[in-house]
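[1] below are the sequence and a predicted model; questions follow.
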Amino acid sequence: MQHQFSITGERLSGHSGIVELMDDLGAALAGTGKTHMRMLGGGNPAHVPPVQKVWRERLQAIVDDTEHCDRMLANYDGPGGNPRFRESFAGALRDIYGWDVGPENIAVTNGGQTAFFFLFTLLAGEMADGRFRKVVLPLVPEYIGYSDQGVAEGIFQSFRPRIEQLDGHSFKYRIDFDALKVDENSAAICVSRPTNPTGNVLTDDEVSRLADLASEANIPLIIDNAYGEPFPGAVFEPIAPMWNRSMVMTFSLSKLGLPGTRTGIVLADEEIASRIRTMTGIVGLANNNIGQAIVEPMLRSGELLQLSREVIRPFYQKKAEAAHAMVAKHFADDFPYSVHRSEGAFFLWLWFPELPIATRELYTRLKNRGVLVVPGEYFFYGLEDADNDWPHRRQCIRVTFSQGEEVVEDGIRILADELRQLHA
């Protein structure tokens with residue numbers, strides 16, 4: 001049978017970088033396929049032993065409480081999330097930062113990916129007055145998972161960064177505020193902090209300037225906090241997070257080590273939070289209860305903040321330092337390369353300025369050798385046509401260091417060998 005699909009159906013079910021990434025991630029972690037895969041792609045958090053122990057203990061406590069366990073498994077919560085969880089999450093933000101937030105500012109979603117689908121669909125695309133409004137990404141590369149989001153096509157307007165060379169093998173992206181344009185056709189400004197894929201952490205000054213631009217244009221500034229403060233707190237630079245009612249922040253339990261619970265949290269003004277709750281009810285009735293049940297008492301007690309700051313952040317910072325040392329060891333000066341400064345999250349962003357092939361081809365070569373990385377081309381989207389020939393787009397890859405040290409080093413060793421052959 002030859003099926004016919006709608007334009008929206010074709011777009012949301014066709015080829016997608018994030019789907020290819022997740023397919024490879026699932027196959028590698030499930031151990032399927034003929035080749036043993038070293039999983040240096042994907043954003044799966046590490047299995048941090050003391051953190052995993054906490055989750056097992058919390059699950060056991062829930063199972064031992066018959067009434068609580070039955071309620072968690074057998075009852076729907078409202079589409080906005082469990083009321084107690086929403087109050088506890090808002091309370092934690094009040095306690096940590098002094099923000100004026102309550103449960104009315106919180107909407108729970110089935111993961112952060114769903115949160116952004118709702119936000120982009122709500123804010124961008126064709127408007128009632130006939131305008132087509134776009135989400136402004138002030139700096140790309142930006143998170144691969146945004147690129148196919150929203151019902152409308154072409155909802156992003158992206159801008160090239162300034163590249164600041166820090167030393168011979170280190171660089172940092174910065175927002176080019178001189179090039180950044182926000183106008184009447186802008187729907188929102190959106191950034192991830194720390195940035196996925198680069199590990200870049202926008203400075204407090206950059207965030208403040210973006211907030212001012214958004215406020216002047218009467219649009220939201222959306223900050224994706226999946227790896228950020230306060231939970232899981234995988235930020236290696238001192239920052240002072242800010243939020244006001246013209247901003248939207250998203251959080252996720254995934255990077256705490258609970259990706260299987262699919263729990264995202266949106267912090268916004270009352271209108272946006274209410275509309276996200278309604279969208280959840282229409283699309284999926286309700287959310288996953290399990291993640292909320294696991295962490296809710298830890299929000300109230302402060303244990304979740306302590307776990308983030310004393311266990312999760314040091315764990316990933318140590319792994320970042322080890323991964324940089326592995327790159328320096330195996331790459332040496334055998335070919336030109338530069339690594340984005342690691343300021344947070346779980347990734348290295350590698351730039352090969354004289355790479356003789358595109359990183360899509362490098363990805364295929366490495367996959368054939370049992371190493372999965374993510375080609376950089378996927379992270380540069382929404383740019384003007386004039387930027388399509390920008391060589392930098394085809395010279396970068398993302399590597400995760402969240403897997404075991406032996407796996408990461410073996411993958412980096414094979415990557416170095418492949419690059420030597422290419423440059424030879």
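    Noted; the coordinates are in hand.
[2] separation between the closest residue to N75 other than its chain neighbours and E377?
    Residue nearest to N75 in three dimensions, not counting chain neighbours: N289, with 7.5 Å by C-beta to C-beta, 6 or more residues apart in numbering. For the C-beta atoms, the positions are set from N, CA and C on the backbone; glycine is no exception. To E377, N289 is 38 Å away according to C-beta to C-beta, to the nearest Å.
[3] ok so, going back, list the residues that contact the residue nearest to N75.
    By C-beta atoms under 8 Å, 6 or more residues apart in numbering, the contact list for N289 reads M72, L73, N75, D77, N82.
[4] next one: A234
    Contacts of A234 (C-beta under 8 Å, 6+ apart): P194, Y227, G228, K255, I312, R313, Y316, Q317, G344, A345, F346.
[5] next: A211.
    L221, M242, N244, S246, M247.
[6] immediately after the helix or strand encompassing it, which helix or strand?
    Secondary structure from DSSP states H and E places A211 in helix 204-217. Counting by DSSP H and E, the element after helix 204-217 in chain order, helix or strand, is strand 221-224.
[7] what's stretch 141-150 in contact with?
    Stretch 141-150 is contacted from outside by 11-12, 16-18, 21, 113, 116-117, 120-121, 124-125, 135, 137, 155-156, 158, 173, 190-192, 195-198, 224, 349, 374, 376, 378-382, 396, using C-beta under 8 Å, 6+ apart.
[8] which among those end up buried?
    Buried members of the contacts of stretch 141-150, counted by 16 or more other C-beta atoms under 10 Å: 12, 16-18, 21, 113, 116-117, 120-121, 124-125, 135, 137, 155-156, 158, 173, 190-192, 195-198, 224, 349, 374, 376, 378-382, 396.
[9] check the residue nearest to N75 and give its pLDDT.
    Note on N289: pLDDT of 96.
[10] so which residues of the stretch 201-350 of the chain form strands?
    Here the stretch 201-350 of the chain has its strands, by DSSP state E, counting those that start in this stretch, at 221-224, 247-252, 264-267, 338-340, 347-351.
[11] now for the third one, which elements pack on it?
    Yep, that's strand 264-267 we're talking about. In terms of contacts (3 or more C-beta pairs under 8 Å, 6 or more residues apart in numbering; DSSP states H and E), strand 264-267 is packed against strand 106-109, helix 112-123, strand 247-252, helix 270-284.
[12] name the helices or strands packed onto the last one?
    Just to be clear, that refers to helix 270-284. Packing partners of helix 270-284 (3+ C-beta pairs under 8 Å, 6+ apart): strand 106-109, helix 112-123, strand 264-267.
[13] one step back: just put the strands of the stretch 201-350 of the chain in a markdown table and tack on distance to G233 and mean pLDDT.
    What follows is the strands of the stretch 201-350 of the chain, written out as a markdown table (distance: least, C-beta to C-beta, whole Å; pLDDT from 0 to 100):
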| stretch | distance to G233 | mean pLDDT |
| --- | --- | --- |
| strand 221-224 | 15 | 98 |
| strand 247-252 | 11 | 98 |
| strand 264-267 | 15 | 98 |
| strand 338-340 | 20 | 98 |
| strand 347-351 | 16 | 97 |
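[14] which residues touch T8?
    In this structure, T8 makes contact with V151, judged by C-beta under 8 Å, 6+ apart.
[15] let me know the helix or strand that it is in.
    Element membership of T8 [criterion: DSSP H and E] is helix 7-13.
[16] that helix: how far from the chain's middle?
    23 Å (C-alpha atoms, centre = their mean, to the nearest Å).
[17] may I have that helix as PDB, with CA atoms only?
    Provided in PDB are the C-alpha atoms of helix 7-13 (Å, rounded to 0.1, in the frame of the first residue of the first chain):
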ATOM      1  CA  ILE A   7       3.200  18.000   4.900                       C
ATOM      2  CA  THR A   8       3.700  18.100   8.700                       C
ATOM      3  CA  GLY A   9       3.700  14.300   8.900                       C
ATOM      4  CA  GLU A  10       6.400  14.100   6.200                       C
ATOM      5  CA  ARG A  11       8.500  16.600   8.000                       C
ATOM      6  CA  LEU A  12       8.200  15.000  11.500                       C
ATOM      7  CA  SER A  13       8.700  11.400  10.200                       C
END
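[18] residue ranges with poor pLDDT in the stretch 151-300 of the chain?
    For the stretch 151-300 of the chain, not a single residue meets the criterion pLDDT under 70.
[19] ok, I223 touching M247?
    Yes: between I223 and M247 there is a contact under C-beta atoms under 8 Å: 6.7 Å.
[20] looking at these two, which is more packed in?
    Taking other C-beta atoms under 10 Å, I223 and M247 do not tie; I223 has more neighbours (24 against 21).
[21] how about that one, nearest residue that isn't a chain neighbour?
    That would be M249: by C-beta to C-beta, 6+ apart, it lies 5.1 Å from I223.
[22] run a quick neighbour tally on the one you found.
    23.
[23] element containing F171?
    Assigned by DSSP H and E, F171 belongs to strand 170-174.
[24] helix/strand/coil for the nearest residue to E296 once chain neighbours are set aside?
    Using C-beta to C-beta, 6+ apart and skipping the chain neighbours, the partner closest in space to E296 is F85 (4.7 Å). The local conformation at F85, judged by DSSP: H, G, I helix; E, B strand; the rest coil, is helix.
[25] isn't F85 right up against V108?
    Yes: shown here, F85 and V108 form a contact pair, counting by C-beta under 8 Å, at 6.9 Å.
[26] show me whatever sits in contact with both of the two.
    In contact with both F85 and V108: Q292, using C-beta under 8 Å, 6+ apart.
[27] could you look up the SS state of E164?
    E164 ends up strand, using three-state DSSP.
[28] how many neighbours does the closest residue to it other than its chain neighbours have?
    For E164, ignoring the flanking residues on the chain, the nearest one in space by C-beta to C-beta, 6+ apart is K172 at 4.9 Å. Using other C-beta under 10 Å, K172 has 17 neighbouring residues.
[29] tell me the confidence at the residue nearest to E296?
    98.
[30] what's near enough to touch it?
    V108, Q292, A293, V295, E296, L299.
[31] closest to P259 among these?
    Nearest to P259, judged by C-beta to C-beta, of the contacts of F85 is V295 at 13.4 Å.
[32] isn't that closest one right up against L253?
    Yes: judged on C-beta under 8 Å, V295 makes contact with L253 at a distance of 6.3 Å.
[33] tell me the confidence at S402?
    Reported pLDDT for S402: 94.
[34] quick one: residues contacting it.
    Neighbour list for S402: G43, N44, P45, A46, Y316, K319, F346 [criterion: C-beta under 8 Å, 6+ apart].
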